[in-house]
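Trainee: have a look at this prediction, sequence included:
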Amino acid sequence: MSLLMLATLLPACATITTGTSQNVSIITEPPGATCQLVRSGNVVAVVNPTPGTANVSKSGQDLAVNCTRSGSMPAVQTVSSQFQGMTAGNILLGGFIGLAVDAASGAMAQYPATVTVILPPQQFASLAERDSFFDARVAAVQRDFAERITQARSSCNSSDPGCGPRIAAIEAERDAVLAQLATQRSTARVT
């Protein structure tokens, strides 16, 4: 079978092999929350109660996981999609048509399989307890984002013009999460 014939039979590798939707498991700490998965301002799925799983269409756009629970502060976690390696096979097997099909269908992107959202308590027994909780959360966020930035930098090369904006987007996401934590800390009640 010639390569040209094979290219016409397999126009979209990732679309065929991994599909255009995926399951995303949502875990909250504490459990029992209601979470809406929002993309471009539209609710694409709801998990109620957590932990639970939602089936979402793949997309290159971020997914916001908005969670609420009685006795806890609301929390939002933004989840970025990541490039799927299967798509690279389209250049060899399906050519640019296969690549275009995967891009249009969202099959070339995938969200993490599991998302964990931490909902802070609405009140704490003391300032020390409140500060300990939020200090631990800030340290975890800084550690997680430092790993993501290191991974992004290691995958960059000097000729990639998109590297700087990708790292800037991760840093902006980190700063938004840290700002949310600062707001939650200042509004948490101490009894």
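Mentor: Ah, there it is. Numbering: from 1, shown residues only.
Trainee: okay, residue 45 and residue 177: tell me how far apart.
Mentor: 22 Å (CB to CB, to the nearest Å). For every residue, glycine as well, the C-beta is placed using N, CA and C.
Trainee: likewise for residue 74?
Mentor: Here the distance between residue 74 and residue 177 works out to 14 Å (CB to CB).
Trainee: ok, the two, which is more surrounded?
Mentor: Each of residue 74 and residue 177 has its neighbours counted (other CB atoms under 10 Å); residue 177 has more, 20 against 15.
Trainee: which one is the more buried one nearest to, not counting chain neighbours?
Mentor: The shortest distance from residue 177 to any residue other than its chain neighbours is 5.3 Å, reached at residue 141 (CB to CB, 6 or more residues apart in numbering).
Trainee: for the helix or strand hosting residue 26, the averaged confidence score.
Mentor: In this assignment (DSSP states H and E), residue 26 forms part of strand 21-29. The pLDDT scores in strand 21-29 average 96.
Trainee: who does that strand touch, helix- and strand-wise?
Mentor: For strand 21-29, the elements it packs on are strand 34-39, strand 52-57, strand 63-68, strand 114-118, judged by 3 or more CB pairs under 8 Å, 6 or more residues apart in numbering; DSSP states H and E.
Trainee: need those in a markdown table (columns: mean pLDDT, distance to residue 181 and mean neighbour count).
Mentor: Below are these laid out as a markdown table (pLDDT from 0 to 100; distance: least, CB to CB, whole Å; neighbours: other CB atoms under 10 Å):
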| stretch | mean pLDDT | distance to residue 181 | mean neighbour count |
| --- | --- | --- | --- |
| strand 34-39 | 97 | 18 | 20 |
| strand 52-57 | 96 | 25 | 16 |
| strand 63-68 | 95 | 15 | 20 |
| strand 114-118 | 94 | 10 | 17 |
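Trainee: skipping its backbone neighbours, what lies nearest the residue nearest the centre of the chain in space?
Mentor: Centroid-nearest residue in the chain, with CA atoms, centre = their mean: residue 79, separated by 1.7 Å. If you skip the residues right next to it in sequence, residue 79 has residue 63 as its closest partner in space, 4.5 Å away by CB to CB, 6+ apart.
Trainee: my read is that the one you found contacts residue 57, right?
Mentor: No - here residue 63 does not reach residue 57: they are 10.2 Å apart, not a contact under CB atoms under 8 Å.
Trainee: coming back round to it: which ones are touching the residue nearest to residue 177?
Mentor: Applying CB atoms under 8 Å, 6 or more residues apart in numbering to residue 141 gives the contacts 174, 177-178, 181.
Trainee: how close does residue 136 get to residue 64?
Mentor: The spacing between residue 136 and residue 64, counted by CB to CB, is 23 Å.
Trainee: pLDDT value on the nearest residue to residue 156 once chain neighbours are set aside, please?
Mentor: In space, residue 156 comes closest to residue 163 once its chain neighbours are excluded; the distance is 3.7 Å by CB to CB, 6+ apart. Predicted confidence (pLDDT) at residue 163: the value is 83.
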